[in-house]
Every structure is written in structure tokens, then in C-alpha cells.
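Participant: Below: sequence and its predicted model.
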Amino acid sequence: SGNDPDKIPFHKLPSAFVIKATHGCQYNIIVKNKEKLDQKEVKKKLKKWLDENFCKKALLGVSWGYKNIIPTIIVEEFLNNNGDVPIDYKFFCFSGRVEFLQMNFDRFGDPYEKTFDRDFNPLDLWQGEKQYPGEVSKPKNYEEMLSVAEMLSEGFPFIRVDLYNIGGQIFFGELTCYPGGGMVEWVPRKYDYLLGDKWKVLFKEP
């Protein structure tokens, strides 16, 4: 990690890795083969990102959580599924309970999504990406994924828990309390109300 793109030790990194900036959304560079990487172009992109305040730049400023983060670059291991970006399992949790799951396929290529209830029954819910056309098998350790997501969501009226499942091993992705900056449309609209009804905000006496 650091804040100077010119100091990234590319010669010490493995063939595949991921470069991210910590102060915003979609600041990701996935490197599958270091030999084909244009380091000059990567450094140029990172310097541009480091000069941006994502909160002020995107989504009308609603992503306030990014506003005061010190811009930093991190380089992480590339968690891959047979050389590709793994499926992203996004668990929407209300008061510590998973209510539905969104699976995102090929997020950085030709993206698709598929949504399920907590029992892995498909839902007619659309949030902006094309619907995955194929059959989707429930992971063998799905109950364990539910347990992990609910454990991580404890204490939050609402939070989304993102996990990966690679070869039966569960990896943590992120927590977010306002997916899409709260600007993503729900289709059909009924889910705005069905899920909003599960959002129980507890107010403390002053």
C-alpha cells in the first residue's frame, strides 16, 4: 500500500494481482498477466484517481463515506476462479438476517446478475444488469455463507455483505450500507416497499 504510483514494485509482484484505490468506487485494475501490463498507463490512471474526491465527483455527493478518506493505493492478491474474476455474492441483510442474495457474474467484462431469496429461490428482481441466462447451482456451503453474512451484519439495521466462494473457501469482499449510493432503481417497484418494510431503524432517546 502507499500513495505514490511510481513506487509500486512491479518487479516483485506475481504474474496476477489487483490494484485498487481505497477512496472510491470502481477504482480497480485487474492484472491477469503482468507481462502484458502497460505500467506507464497504469501509473497515469492511478495518479488521476488519487487527485479525485469520489464523494464530490460522483452520484451527487451521496457517497459521503468516501469524502474524508486519505487516497491510498493497495495491491491485493487476485482471487480467481479458473483464471476469471469470481462470482460476487451480495447478501442484503436487515437486522442481522439475510433477506435476499444478488449474484454478479463477470463484473469487469460482460456483466450479468441473478437475484434469489434467502432460500435460493430465484426472484424477478432487476437492478440494472442483464439477467444471467443459464442455470445457477446453489453452492454446497451456502448455509455457511448465510451464517458468515449474518454474523458480519450483526448490529446493523441494514447492510450488504459481499462474499466470494472459491473452491469451497469463503472470502470476505466488503460491507456497504448504501449500495450504488442509494441511487439504484428497483424493478419491479414493489421490492422498494417489501424490503423497506424490513428496515427497522431503532432511535435512542437523546
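Facilitator: Alright, I've got the coordinates. Numbers count the residues shown, from 1 in each chain.

Participant: backbone phi and psi for residue 82, please?
Facilitator: Summarising the backbone geometry of residue 82 under the convention degrees, to the nearest 10, its torsions are phi 60, psi 40.

Participant: okay, now it: neighbour count?
Facilitator: Residues contacting residue 82 under the criterion other Cβ atoms under 10 Å number 7. Every residue, glycine included, has its C-beta placed from N, CA and C.

Participant: for residue 43, same thing?
Facilitator: One way to gauge burial is a neighbour count; for residue 43, by other Cβ under 10 Å, it gives 16.

Participant: and it, how far is that from residue 17?
Facilitator: In this structure, residue 43 and residue 17 are 15 Å apart, going by Cβ to Cβ, to the nearest Å.

Participant: Mind telling me what element the residue nearest to residue 176 when sequence neighbours are not counted is part of?
Facilitator: Nearest-residue entry for residue 176: residue 160, 5.0 Å, with adjacent residues in sequence omitted and distances by Cβ to Cβ, 6 or more residues apart in numbering. Taking DSSP states H and E as the definition, one finds residue 160 inside strand 158-166.

Participant: average pLDDT for that strand?
Facilitator: Across strand 158-166, the average pLDDT comes to 96.

Participant: now do stretch 127-144
Facilitator: Across stretch 127-144, the average pLDDT comes to 90.

Participant: And it, what's buried?
Facilitator: 127, 129, 132, 139, 142 (16 or more other Cβ atoms under 10 Å).

Participant: Which residues does it contact?
Facilitator: Residues outside stretch 127-144 that contact it (Cβ atoms under 8 Å, 6 or more residues apart in numbering) are 102-105, 111-116, 120, 122, 145, 165, 168, 170, 180, 184-187.

Participant: do that again at 10 Å, thanks
Facilitator: Outside stretch 127-144, the residues within contact range by Cβ atoms under 10 Å, 6 or more residues apart in numbering are 87, 89-90, 101-107, 110-116, 118-120, 122, 124-125, 145, 147-148, 163, 165, 168-170, 179-180, 184-187, 191.

Participant: Of those, which belong to strands?
Facilitator: Restricting the contacts of stretch 127-144 to those inside strands, with DSSP state E as the criterion, leaves 89-90, 101-105, 112-116, 163, 165, 169-170.

Participant: Mind checking which of those are buried?
Facilitator: 89-90, 101-105, 112-116, 163, 165, 170.

Participant: Pick out the most distant pair among these.
Facilitator: With distances taken as Cβ to Cβ, the most widely separated pair in these is 112 and 170, at 21.9 Å.

Participant: got the buried residues for stretch 14-22?
Facilitator: Of the residues in stretch 14-22, those scored as buried under the neighbour-count criterion (16+ other Cβ under 10 Å) are 17, 18, 19, 20, 21.

Participant: wait, the first one sits on residue 75?
Facilitator: So that's residue 17. Yes: Residue 17 lies in contact with residue 75 (Cβ atoms under 10 Å); the separation is 5.7 Å.

Participant: one step back: I'd like the buried residues of stretch 127-144 written out as JSON lines, with distance to residue 175 and secondary structure added.
Facilitator: Rendered in JSON lines, the data for those read as follows (distance: Cβ to Cβ, whole Å; DSSP: H, G, I helix; E, B strand; the rest coil):
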{"residue": "127", "distance to residue 175": "18", "secondary structure": "coil"}
{"residue": "129", "distance to residue 175": "21", "secondary structure": "coil"}
{"residue": "132", "distance to residue 175": "24", "secondary structure": "coil"}
{"residue": "139", "distance to residue 175": "20", "secondary structure": "coil"}
{"residue": "142", "distance to residue 175": "20", "secondary structure": "helix"}
